[in-house]
Structures are given as C-alpha cells and as structure tokens.
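K.L.:
Below are the sequence and a predicted model; questions follow.
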There are 2 protein chains.
Amino acid sequence: MINRDWAALEEEVTSWIKEAASQLRESLTKPLEISEKSAHNDLVTNMDRSIERFLIGKIRTAYPDDKIISEEGYGDGVKNKHGVLWLLDPIDGTLNFVMQKRFFAISIGIYENGHGRAAFIYDVMADELFHCISGSGAYQNTRKLSALTEVAIDDALIDLSPTWLKPNRRIHEEIMTDIVRRSSGTRAYGAASLELAYVAAGYLDAYFTMRLSPWDYGAGLILIGEVGGHYSRADGTPIDILTKQSVLAARPGLHEYMTSHICEQVNHGRFISEPR
Amino acid sequence: MINRDWAALEEEVTSWIKEAASQLRESLTKPLEISEKSAHNDLVTNMDRSIERFLIGKIRTAYPDDKIISEEGYGDGVKNKHGVLWLLDPIDGTLNFVMQKRFFAISIGIYENGHGRAAFIYDVMADELFHCISGSGAYQNTRKLSALTEVAIDDALIDLSPTWLKPNRRIHEEIMTDIVRRSSGTRAYGAASLELAYVAAGYLDAYFTMRLSPWDYGAGLILIGEVGGHYSRADGTPIDILTKQSVLAARPGLHEYMTSHICEQVNHGRFISEPR
C-alpha cells in the first residue's frame, strides 16, 4: 500500500483539470490544427497534445515515481501494474470536440497496484465533474451518486455504437441485436468516458463496446465500481487495465444478463474477437 | 397572410415555455406517474399531460382561432393546413425525462397555411432554447446560428437510431448501413426535436428516422430551413406536416447525397415503407 493523501490528491487533480479545461475553452475561440491518426475519423488536434503535456507535467512534478499511460503518447511504456498508474485521456471524444465543440471530457483514472483508487471525468463545456476516491463515494460535481440498483433488460437504456450491430470483425452482428431488441432503447454520445460516467450516474443502464483503450475506460470503471456497477470484457472475463479490449459495464444483474447472453451465443457458434 | 405580430408572439411563447419548464424542473423533485402507451418504451407521464394542458390553455386564450396538433391528445382533429397551426410536444424525449431526468425538450412549431413561421425547442435542464421567427435568423439562446455549409459524407456525423440498421418493417437494414459505413460517426440522443435542433446548430450533419410525428419534427424542420438545411421524407419527397412519416434532414448536399442513395437502393429492389 502506498502512503498517499488521496483527499489532497483529489483537490490537486481537480484544480489541474479545471485549468486544462479553461485552456480548452479558450482554444475553441481559435482555429484548431487537426490531423488524422489511424483513420479518417480518428483525429488528434494540437489541443489533445497540449493538454496531455500540461497534465503530464503536473503529474511528473507532484508524483515523480508514478507511471502514466496516455492517449497521445507522452506517457511511459508501462509493462506492469506495480505502483501508481495514471490512465489519462486529455480529450475523450475528439470528434465531438472538433465537430460539436462540446460533449468531450478530460478523463483521469488512477490505479494502485492494479486497483482503482481515484477517478475524474470532466465534461468541459457542461462544467460537470464525475469523480471519486475509492471507498468514499462517487460524485457528480457535489451531488453524491446513489448505489446502482438492478433493472430488467426490457427497462434498460443501453449505450452502444451501431458499429457492433452491423457486420464487423469483433462481434457477430446478431449478438447485440438481440439485446437491443429487448431493451427499452439505445443511446450513443461519442465520448466513452462520459458514457461510462453516465452508467455510474444512472443515466444509462449499460455501456458496451468491443474496443476501448485504457485511457478511455480507466476512470469510468473506477466510478462504476464505486456505485456498485459491474464491468468486464464482453464475455465476462476480467479487464486488464494495460490493454485495449472489449468493455461491458452495467447495473448489477443486467451485466450478468448481458455477458450470459453473449457467452451463450458464442457457445452456439457466433464469434467475438478481442482486439490485439 | 395572417396579420400577426410574430416578434411579440416569440416573447410570449418563450415566457410560456420558461414557465412550463420551471413546472417540469419542480416535478423532478417528486415521484412521477408513468404509464405505457403503444409499447413498453412509449411512455407518458402526468407531466406530459399537465404541461400540454398548460400550454394549450395559453394558446387558446391568446390565439383562439388557431389550431393545435399535440402529442397527448388535447389538441384538435386537424384536417387541413389552413390558418395558423401549432405542432406541440410538451415533453419530447419522455424516456430521457423519466430515466435520465434530463435531455428532454419542449417543442413548439407554428405553421401558417402550411409554411413554417416560428419554432421553439427548449432543452429544459440545459436551459438551452433553439428558436426562430422565419426570415429573422435562428438562435441558440442569444447566439445566432450560422448558415449550414456543405459537408462530404465521410466527414459527416449522422444521428439515427440503430433500429434502422437491423431488420425492421420500414427500411431494408442495408440501406442505411451503407451510409453509416461511409460516415465519420453516428450519434443517438433519444429526443428528436433536440436532434433536429442540433442539425440546425451544426452539431450534427444529418438526422434520419423512418417514423416521426408532427409534434416531434414541427419545430425542428422550421429551424433547419431557416439556416439553409434541407429536409424531406427518406425518398426525397416533401413532408406533409399533418402526418407521421420518415424524416431526413441534413446539410445541403449531404441531404441530396442521402436521398439519392436511398432512391437508388429502392430502384435496386430494396424496400422502404412509410408509416400509415
């Protein structure tokens, strides 16, 4: 166990995030420099890089022994979960940032020896901070989030991209179609960290994707765990916070319903395939 | 042409909407009475009915000769487009209202002899009013919305429900799958009036559904027209504001690209079917 004043850290990180957010809001008044990464809709802007450098500078100064995994590559080559590990996305929802100039978030999850200890997801334009120190309750700004209760599939609102409902390399398209058909409805907001925070806050009952990176889910899973939500890979196996993988997070009960459904479908010959 | 002071009407309707909104916010502190309409996820609450009665009372007192089509049935049996017609949804996004307690809107569209004259879409919890008097520009609160420019399909963010990407009665599931595959991404927020307002504001490039009612799209289409966006049924034919139908609204160019694609697919034997 590392001796750390987590309450002091919470205050400190919150102040960094608010400062980064004001840089982001300011940047929206000027032209952005945008470039493509792996695909046409996988964008990075000068601001992703600038906010990442800013936050990493703060972390390295305050906590020089900690390790960092971050989206734009200024972090460390992290090989194991020993010590304190920061999972950092300077702008989650870059496409929203570029196209909508809102509905994007700064996401920071902090793990100690592989266990979630602190989470921060900040919707910059809505000024809405979802945050927790593990064991002390989760909050949306100053409002304490309630423990998640069970919900039946036919009353559930499920967040997923239509990508997983049409032919794709990661999951047979009929597997989630069955879930969607039984659910109350679907939503897709385009910023995974916020979508996970929404599960924690009870705005959504489940979030599903076949491909998500540590910096995208790092903070969200800590928040969800804090309010009694369940999460795993699509097939119910545990998430390894060092790698890109599928993520299914939901209210208790609903999570088990969905993973059971997926496993049953796989047992009947339909495929799922984790990203490598 | 009806002699009416539209600027005065805008002020008046805005004040009604703000009053209705404060009733709605107040109602969220108390238990809701919820019942199902056509389906398990087609809900109505005591507040949909109460807000509808409140707004219809205001309209009838101020404009006794006008006609009203509204969601919960307190309106008129309207058979033609003569005179001034109000298309009113007291709570658009009832599922969001019930489950998320946010992301729902009051939507009012006013038509004169079939032509859009005034539109109001109010995101109650975000305190965000999209509004216009036809010919005087569209606004998001006090910010004037820019004219919509063209965008290529591969840069487009498209709002649609996954319903239309899996087997359904209204459209062959492959038709929109092709569009989604070429687009930059998809979103789904679960409140049609706001999704249409987002097209007008440039947050989304297109909105598509195979089934929408006059009270859902009445205001949104006026806003979109005011900023130079295009709209029609899925096959490009004009919308009849008295009936439930498909709606495709988008930036200029993108709208034509999408309707052409749909018509081409229909010509190749794939089906679309308007609701009756």
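P.N.:
Yep, it's here.

K.L.:
gap between residue A:232 and residue A:74?
P.N.:
Per C-beta to C-beta, to the nearest Å, residue A:232 is found 30 Å from residue A:74. (Glycine included, C-beta is placed from N, CA and C.)

K.L.:
neighbour count winner among these two?
P.N.:
Neighbours were tallied for residue A:232 and for residue A:74 using other C-beta atoms under 10 Å in any protein chain shown; the higher tally belongs to residue A:232 (20 against 16).

K.L.:
Run through who's touching stretch A:165-176.
P.N.:
With contact meaning C-beta atoms under 8 Å, 6 or more residues apart in numbering or on different chains, stretch A:165-176 is reached by A:160, A:164, A:177, A:180, A:208, A:210-211, A:234, A:246, A:261-262, A:265-266, A:270-275, B:162, B:165-166, B:177, B:180-181.

K.L.:
buried set for it?
P.N.:
A:165-166, A:168, A:170-173, A:175-176 (16 or more other C-beta atoms under 10 Å in any protein chain shown).

K.L.:
next one: stretch A:75-95
P.N.:
In stretch A:75-95, counting by 16+ other C-beta under 10 Å, buried: A:75, A:78, A:81, A:84-95.

K.L.:
quick one: least confident of those?
P.N.:
On pLDDT alone, residue A:75 ranks lowest of these, at 75.

K.L.:
Does the helix or strand harbouring residue A:219 reach chain B?
P.N.:
Per DSSP states H and E: residue A:219 is located in helix A:214-226. No - judged by C-beta under 8 Å from any C-beta of the partner chain, helix A:214-226 and chain B are separated, with a smallest distance of 14.9 Å.

K.L.:
Quick check: next helix or strand after that helix?
P.N.:
Immediately after helix A:214-226, counting by DSSP H and E, sits strand A:230-232.

K.L.:
Can you show me the strands along chain A?
P.N.:
Taking DSSP state E as the test, the strands found in chain A are A:34-36, A:43-45, A:67-70, A:84-92, A:105-112, A:115-123, A:128-133, A:138-140, A:143-144, A:157-160, A:185-187, A:206-212, A:230-232, A:245-250.

K.L.:
looking at those, which has the lowest confidence?
P.N.:
strand A:43-45 (a mean of 84).

K.L.:
what about it and chain B, touching?
P.N.:
No - Strand A:43-45 lies apart from chain B when judged by C-beta under 8 Å from any C-beta; the minimum separation is 9.1 Å.

K.L.:
re earlier: flag the least confident of the buried residues of stretch A:165-176.
P.N.:
residue A:166 (87).

K.L.:
nearest residue to that residue other than its sequence neighbours?
P.N.:
Spatially, and ignoring its direct neighbours in sequence, residue A:166 is nearest to residue B:177 (4.9 Å; C-beta to C-beta, 6 or more residues apart in numbering or on different chains).

K.L.:
go on, residue A:230?
P.N.:
residue A:255 (3.7 Å).

K.L.:
ok, the one you found - contacts?
P.N.:
Counted by C-beta under 8 Å, 6+ apart, residue A:255 has contacts A:206, A:229-232, A:248-249.

K.L.:
And the furthest pair within these?
P.N.:
A:206 and A:232 (11.9 Å; C-beta to C-beta).

K.L.:
Between those two, which contacts overlap?
P.N.:
Contact criterion C-beta under 8 Å, 6+ apart; residues shared by residue A:206 and residue A:232: A:248, A:255.

K.L.:
in the sheet, who's paired with residue A:247?
P.N.:
residue A:209 (DSSP bridges).

K.L.:
before we move on, the earlier item: burial check on the residue nearest to residue A:166, number of neighbours?
P.N.:
Other residues lying near residue B:177 total 18 when counted by other C-beta under 10 Å.

K.L.:
What of the one 3 residues further on?
P.N.:
Here the number of neighbours of residue B:180 (other C-beta under 10 Å) works out to 20.

K.L.:
List the contacts of it.
P.N.:
A:162, A:166, B:158, B:160, B:165, B:186.

K.L.:
now with 7 Å?
P.N.:
With contact taken as C-beta atoms under 7 Å, 6 or more residues apart in numbering or on different chains, residue B:180 is in contact with A:162, B:158, B:165, B:186.

K.L.:
which ones are touching the second one?
P.N.:
The neighbourhood of residue B:158, defined by C-beta under 7 Å, 6+ apart, consists of B:179-180, B:183, B:186, B:205-206, B:208.

K.L.:
mind redoing it with 6 Å?
P.N.:
Applying C-beta atoms under 6 Å, 6 or more residues apart in numbering or on different chains, we find residue B:158 in contact with B:183, B:186, B:206.

K.L.:
which one of these sits closest to chain A?
P.N.:
Nearest to chain A among the contacts of residue B:158: residue B:186, at 5.3 Å, using C-beta to the nearest C-beta.

K.L.:
Quickly list what the closest one is bridged to.
P.N.:
Using DSSP bridges, the bridge partners assigned to residue B:186 are residue B:158.

K.L.:
Isn't it up against residue A:162?
P.N.:
Yes - using C-beta atoms under 6 Å, residue B:186 and residue A:162 qualify as a contacting pair, with a distance of 5.3 Å.

K.L.:
Looking at those two, which has the bigger crowd around it?
P.N.:
Neighbours of residue B:186 and residue A:162, each counted by other C-beta under 10 Å, are more numerous for residue A:162; the result is 28 against 24.

K.L.:
so what pLDDT did residue A:244 get?
P.N.:
Value for residue A:244, per-residue pLDDT: 96.

K.L.:
Is there a neighbour count for the closest residue in space to residue A:124 that isn't next to it in sequence? I'd like the number.
P.N.:
Excluding the flanking residues, the one nearest residue A:124 by C-beta to C-beta, 6+ apart is residue A:21, at 4.5 Å. Other residues near residue A:21 number 19, with proximity taken as other C-beta under 10 Å.

K.L.:
How about residue A:96?
P.N.:
Neighbour count of residue A:96, defined by other C-beta under 10 Å: 23.

K.L.:
distance of it from residue A:87?
P.N.:
For residue A:96, the distance to residue A:87 - C-beta to C-beta - is 20 Å.

K.L.:
Quick check: which ranges of the stretch 151-276 of chain A have low pLDDT?
P.N.:
Within the stretch 151-276 of chain A, no range satisfies pLDDT under 70.
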